[in-house]
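Trainee: Pasted the sequence and its predicted model underneath.
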Amino acid sequence: MLRPSLPTVAALCLSASLGACASTRLESPRTRAPSQASLDAVQAVPSGTVTAAPLAPPPGATASPDAPPLPGAQANAAPNTPTVIAEPVAPPAPPPPVVTSGRASVVGSWDAKDATGASCKVTLSSAPALDLYKASASGCPNKDLARVSAWDFRDGEVYLYQPGGTVAARLRQGGGSLDGALTKSGATLALVR
């Protein structure tokens, strides 16, 4: 008995599958292209009336004397009579900025002043640091404030944290500043822009 070689079997399988793809007897009626006869059988659907009229000139321009009158214009107007065009109305002024009292309103750089009158810079970032936000302090003589590394806004208060999760200060918004106290000493602390 003669055994066909593997390349011969592969070629036969390939030609059989390509032949099946080219056959139209396996196609469903939905996948076939419509015939010309079925296209001719489609009824036309009536549409609304279409009218044409010349466009009005842009604001600030006058119409050409040769142009036909616009629809609704007076047909008996004297030739070469200037057309009165209303001045464009200015858009309304934008609304005043909304002052928010949330997390986004305290992000940025602040000048910190403690009870002794010493001042330094505290920056509250919008970059997340686990479940808090990053913060930094520079030039602070107060050791507790100098170690601030994170912050959060909860229940209307800003909490400043040191590494390890210790609360360094709690502050409330008042006007354009944050006022509160250092947690360890109870000394007053104010952050102003």
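Mentor: Received the coordinates, thanks.

Trainee: So which residues make contact with stretch 186-193?
Mentor: Defining contact as CB atoms under 8 Å, 6 or more residues apart in numbering, one finds that stretch 186-193 is touched by 108-116, 122, 145, 169, 171, 176-182. For every residue, glycine as well, the C-beta is placed using N, CA and C.

Trainee: Just these: which are in strands?
Mentor: When the contacts of stretch 186-193 are checked against strands (DSSP state E), the matches are 108-114, 122, 169, 171, 177-182.

Trainee: What remains of the residues you listed if I keep only buried residues?
Mentor: Buried members of the ones in strands among the contacts of stretch 186-193, scored by 16 or more other CB atoms under 10 Å, are 110, 112-114, 122, 169, 171, 178, 180-182.

Trainee: least confident pick among those?
Mentor: The lowest pLDDT within those belongs to residue 114, with 89.

Trainee: tell me which residues in stretch 146-159 are buried?
Mentor: Buried residues in stretch 146-159, counted by 16+ other CB under 10 Å: 147-153, 158-159.

Trainee: Tabulate these in CSV, adding columns for distance to residue 102.
Mentor: Below are the buried residues of stretch 146-159 laid out as CSV (distance: CB to CB, whole Å):
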residue, distance to residue 102
147, 26
148, 20
149, 22
150, 18
151, 13
152, 12
153, 7
158, 11
159, 14
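
Trainee: residues near residue 186, how many?
Mentor: Using other CB atoms under 10 Å as the criterion, residue 186 is surrounded by 8 other residues.

Trainee: quick one, helices of the chain?
Mentor: Along the chain, counting by DSSP state H, helices occupy 6-22, 36-40, 103-106, 143-146.

Trainee: one step back: of all the buried ones among the ones in strands among the contacts of stretch 186-193, which two lie farthest apart?
Mentor: Greatest spatial distance among these (CB to CB): 110 and 181, at 15.6 Å.

Trainee: Can you list the low-confidence ranges for this protein?
Mentor: Where the chain drops to pLDDT under 70, the residues are 1-44, 46, 50, 63-87, 95-101.

Trainee: gap between residue 119 and residue 113?
Mentor: Residue 119 sits 5 Å away from residue 113, going by CB to CB, to the nearest Å.

Trainee: just checking, residue 112 touches residue 136?
Mentor: No. Judged on CB atoms under 8 Å, residue 112 makes no contact with residue 136 at a distance of 11.5 Å.

Trainee: Which neighbours do those two have in common?
Mentor: Taking CB under 8 Å, 6+ apart as the contact rule, residue 112 and residue 136 both touch residue 122.

Trainee: Straight-line length of stretch 49-59, end to end?
Mentor: Start-to-end span of stretch 49-59 (CA to CA, to the nearest Å) is 29 Å.
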